[in-house]
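> Quick one, fold the following:
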Amino acid sequence: MRPEWSTKSPRHPCGALALTLWLSVVAGFVSSASAQTDSQAEAAVSAIVSAEVSDISDQAAIDPHTVSGLWRTPDNVLVAIDPCGESVCGTVIWFPALETADGVVLDTNNDDETLRTREIKGMQIIYGFEKKRKGWRKGRIYDPESGETYKSKLTRLTAQNLKVQGCVGPVCKTFIWTRADEGADAGDIKSDDASENIDGDGAR
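Numbers count the residues shown, from 1 in each chain. Purely as a prediction, here's the structure:
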């Protein structure tokens with residue numbers, strides 16, 4: 001009786017070994033890539049957490065009430081803020097128009113005609129604040145350019161930045177004042193970029 005031969009080719013033992021080795025290499029590559037991805041993800045998360053913790057620490061270190069000092073407005077006006085009893089007051093020290101007006105600029109835009117002959121330099125434009133949990137509130141700020149007085153809030157943001165808000169009703173216009181070098185000549189201090197925006201956080 002003749003033996004029956006299978007029509008299927010027998011699997012070569014070397015082929016099976018090669019396949020096993022190939023699968024092992026692929027598995028190792030996938031495992032390595034996965035480990036690298038996990039490592040990168042962990043590093044990214046760690047960096048984000050560290051940045052947030054650092055930011056929180058920096059904010060916690062700044063007392064929002066520490067507003068005293070010499071400040072520069074976005075219009076390059078220098079304002080000195082000092083304690084006034086239990087409150088704070090701000091006085092105009094210098095502004096660009098003084099250079100072309102022989103050092104004398106009057107408050108000609110004031111709504112009160114009796115005050116239009118007073119000099120802007122040395123004028124108190126920040127006053128009447130109450131110390132609240134998040135900073136100085138319920139104060140007033142006078143704008144010599146418009147001749148108007150607005151409700152105001154002061155909040156120290158960072159070592160170099162002070163948030164100043166002038167409010168009409170529930171709408172406040174926000175400016176960032178920057179710390180000025182008290183050792184520099186006022187005329188040498190130039191205005192730099194300062195953010196300005198409109199928000200709906202009214203004075204209270």
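
> Pull whatever helix or strand C167 lives in out as PDB, backbone CA atoms only.
C167 belongs to strand 161-168 when assigned by DSSP states H and E. The C-alpha trace of strand 161-168 is given here as PDB (Å, rounded to 0.1, in the frame of the first residue of the first chain):
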ATOM      1  CA  ASN A 161       3.500  94.800  39.300                       C
ATOM      2  CA  LEU A 162       0.500  96.700  40.800                       C
ATOM      3  CA  LYS A 163      -3.000  96.300  39.500                       C
ATOM      4  CA  VAL A 164      -4.900  99.600  39.500                       C
ATOM      5  CA  GLN A 165      -8.600  99.800  38.600                       C
ATOM      6  CA  GLY A 166     -10.800 102.700  37.900                       C
ATOM      7  CA  CYS A 167     -14.500 101.900  38.000                       C
ATOM      8  CA  VAL A 168     -17.800 103.300  36.800                       C
END
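
> What helices and strands are in contact with it?
Counting contacts by 3 or more Cβ pairs under 8 Å, 6 or more residues apart in numbering; DSSP states H and E, strand 161-168 is packed against strand 135-143, strand 148-156, strand 171-179. (C-beta placed from N, C-alpha, C; glycine too.)

> Same list, these, but as TSV with mean neighbour count please.
Shown next, in TSV, are the helices and strands packed on strand 161-168 (neighbours: other Cβ atoms under 10 Å):
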stretch	mean neighbour count
strand 135-143	19
strand 148-156	20
strand 171-179	17
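
> Just put those in TSV and tack on mean pLDDT and distance to Y127.
Below are the helices and strands packed on strand 161-168 laid out as TSV (pLDDT from 0 to 100; distance: least, Cβ to Cβ, whole Å):
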stretch	mean pLDDT	distance to Y127
strand 135-143	96	6
strand 148-156	96	9
strand 171-179	96	16
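
> I'd like those written out as JSON lines, with distance to L70 added.
Formatted as JSON lines, those follow (distance: least, Cβ to Cβ, whole Å):
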{"stretch": "strand 135-143", "distance to L70": "17"}
{"stretch": "strand 148-156", "distance to L70": "14"}
{"stretch": "strand 171-179", "distance to L70": "7"}
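
> Out of those, the one nearest I126 is which?
Among the helices and strands packed on strand 161-168, strand 135-143 comes nearest to I126, with 5.3 Å by Cβ to Cβ.

> Now do that closest one: everything it contacts.
The set of residues external to strand 135-143 that reach it, using Cβ atoms under 8 Å, 6 or more residues apart in numbering, is 64-65, 67, 87-88, 90, 123, 125-132, 148-156, 163-164, 166, 203-204.
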